[in-house]
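Peer 1: Compute the structure for the input listed below.
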Amino acid sequence: MTVTAPIAVLCGGVGAARFLRGLRDALPSDAAGSVHAIVNVADDLVLHGLHISPDLDTVTYTLADRIDPTRGWGLADESWQAMSMLETLGGDAWFRLGDQDLGTHLYRTQRLADGASLSQVTDEIARALGLAMRIVPITDDKIRTTITTTDDEVLSFQEYFVGRQHAVESTVVAFEGAESTSPAPGVLDVLADAHTIVIAPSNPVVSIGPLLAVPGIRAALEARRDRCVAISPLVGGAALKGPADRLMREQGYESNAVGVAELYAPIAAALVIDHADAGDAERIRALGVEPIVTDTVMADPDRARSLALTTLAACP
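Peer 2: Alright, predicted model coming up:
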């Protein structure tokens with residue numbers, strides 16, 4: 001496959017990371033540098049004085065082939081001595097950080113304190129781990145996802161997702177600070193110049209939603225709608241992992257491929273859906289979105305590679 005212009009992938013989390021690895025494997029080795037992964041940072045948090053960027057790290061570790069294959073997050077062959085000592089001392093250990101992983105957060109926190117931007121630090125980490133693909137945060141500014149529950153409790157994303165195991169019902173999902181952010185340097189240029197823009201199989205509400213909340217991003221995608229293809233993260237009306245189906249339903253969308261198509265219709269001309277959802281194709285087409293039916297379950301690297309090839313073929 002010849003890549004003559006950038007590929008932009010909007011993403012966040014495990015599904016996006018697996019898709020990016022499949023995309024990397026599908027492209028010629030010299031083409032990886034033309035791919036820009038534009039990553040959600042609204043899940044970021046400061047804990048133990050450290051700046052932690054879970055989605056950036058999941059994408060980076062996966063592309064570096066160092067991700068823990070069982071958990072889907074954190075590093076393989078990890079040890080947990082720091083967490084064990086923290087628990088012994090009675091510290092707050094609900095958000096698990098492995099010993100190697102701590103090195104990443106220590107580096108990021110120090111570089112940010114030195115005055116480097118988050119995009120600069122992200123690039124430094126990616127280069128140090130040998131990545132050719134460009135990993136870019138959606139913004140260098142602070143944006144944070146909050147979840148309001150049916151009990152009117154406002155939780156940070158990590159309190160909701162990790163602390164409560166996303167077991168509470170939401171009423172409002174908000175992206176605090178979004179209106180004061182701007183896209184990270186180069187993001188709008190990549191979206192304007194990309195041959196293909198992909199919305200990865202990430203949670204539409206809390207992974208892609210924060211990207212669209214950054215001023216200028218939605219308009220940039222609307223202007224390139226004919227070159228944008230999304231991938232549904234739902235299969236047979238259910239999320240493979242996480243609360244995407246429930247969050248969509250709680251936010252007023254159908255928790256199926258049709259709901260995903262409705263949400264993305266203003267910004268994506270095509271939607272890749274699983275064979276299990278082929279029966280929804282006509283309803284999706286009626287929304288002005290072209291359905292592309294294939295196997296979207298990335299159960300192994302070959303299937304992830306095949307999904308990437310099918311997705312790119314939607315924008316020849």
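
Peer 1: Which residues are in contact with the nearest residue to T296 once chain neighbours are set aside?
Peer 2: Ranked by C-beta to C-beta, 6 or more residues apart in numbering and with sequence neighbours excluded, the top spatial neighbour of T296 is D274, at 4.3 Å. Every C-beta, even on glycine, is put in place using the N, C-alpha and C of the backbone. Residues near D274 by C-beta atoms under 8 Å, 6 or more residues apart in numbering: 232, 235-236, 257, 293-297.

Peer 1: ok, now F19?
Peer 2: F19 sits next to 9, 11, 198, 200-201, 231, 298, 304, 307-308, 311 when contact means C-beta under 8 Å, 6+ apart.

Peer 1: switch the cut-off to 10 Å
Peer 2: With C-beta atoms under 10 Å, 6 or more residues apart in numbering as the criterion, the residues that contact F19 are 9, 11, 37, 59, 62, 198, 200-202, 231, 233, 296, 298, 304-305, 307-308, 311.

Peer 1: partners of the worst-scoring helix or strand of the chain on mean pLDDT in the sheet?
Peer 2: Confidence across the helices and strands of the chain bottoms out at strand 238-239, with a mean of 89, counting by mean pLDDT, DSSP states H and E. For strand 238-239, sheet partners with direction are given as strand 234-235 (antiparallel), following DSSP bridges.

Peer 1: Mind jotting down where the helices sit in the stretch 201-316 of the chain?
Peer 2: With DSSP state H, counting those that start in this stretch as the criterion, the stretch 201-316 of the chain has helices at 209-213, 217-223, 244-250, 257-264, 281-286, 301-313.

Peer 1: and if you look at the stretch 1-150 of the chain?
Peer 2: Listed from the start of the chain, the stretch 1-150 of the chain has helices (DSSP H, counting those that start in this stretch) covering 14-26, 54-63, 81-88, 99-113, 118-128.

Peer 1: Now render the ones you listed as TSV, adding mean pLDDT and distance to E159.
Peer 2: Written out in TSV, the entries for these read as follows (pLDDT from 0 to 100; distance: least, C-beta to C-beta, whole Å):
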stretch	mean pLDDT	distance to E159
helix 14-26	94	19
helix 54-63	97	13
helix 81-88	96	18
helix 99-113	97	18
helix 118-128	98	22
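
Peer 1: before we move on, back to that, where neighbours are concerned, which of the contacts of D274 has the most?
Peer 2: A257 (30 neighbours; other C-beta atoms under 10 Å).

Peer 1: Quick check: which of the helices of the stretch 201-316 of the chain is buried the most?
Peer 2: The highest mean neighbour count among those, using mean count of other C-beta atoms under 10 Å, belongs to helix 257-264: a mean of 26.

Peer 1: Check which helices and strands it sits against.
Peer 2: In this structure, helix 257-264 makes packing contacts with strand 196-199, helix 209-213, strand 228-231, strand 234-235, helix 244-250, strand 270-274, helix 281-286, strand 290-294, judged by 3 or more C-beta pairs under 10 Å, 6 or more residues apart in numbering; DSSP states H and E.

Peer 1: Pull the distance from the shortest one to the chain's centre.
Peer 2: Taking the mean of its C-alpha atoms, strand 234-235 sits 16 Å from the chain's own mean (C-alpha atoms, centre = their mean, to the nearest Å).

Peer 1: neighbouring contacts of it?
Peer 2: Contacts of strand 234-235 from elsewhere in the structure, counted by C-beta under 10 Å, 6+ apart, are 201, 203-204, 240, 244-245, 248, 254-260, 273-277, 295-297.

Peer 1: repeat that for 8 Å
Peer 2: 244-245, 248, 255-257, 259-260, 274, 276-277, 296-297.

Peer 1: Can you give me the pLDDT of M1?
Peer 2: Per-residue pLDDT puts M1 at 52.

Peer 1: Show me the shaky parts of the chain.
Peer 2: In the predicted model, the chain carries pLDDT under 70 at residues 1-5.

Peer 1: one more time with 50, if that's ok
Peer 2: 4 (pLDDT under 50).

Peer 1: how about JSON lines for the helices and strands packed on helix 257-264, with distance to Q110 added?
Peer 2: JSON lines is the format used below for the helices and strands packed on helix 257-264 (distance: least, C-beta to C-beta, whole Å):
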{"stretch": "strand 196-199", "distance to Q110": "33"}
{"stretch": "helix 209-213", "distance to Q110": "25"}
{"stretch": "strand 228-231", "distance to Q110": "36"}
{"stretch": "strand 234-235", "distance to Q110": "40"}
{"stretch": "helix 244-250", "distance to Q110": "34"}
{"stretch": "strand 270-274", "distance to Q110": "40"}
{"stretch": "helix 281-286", "distance to Q110": "47"}
{"stretch": "strand 290-294", "distance to Q110": "44"}
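
Peer 1: how close does the nearest residue to F157 once chain neighbours are set aside get to C315?
Peer 2: Taking C-beta to C-beta, 6+ apart, and ignoring the residues beside it in sequence, F157 has T145 as its nearest neighbour in space, at 4.0 Å. Here T145 is placed at a distance of 29 Å from C315 (C-beta to C-beta, to the nearest Å).
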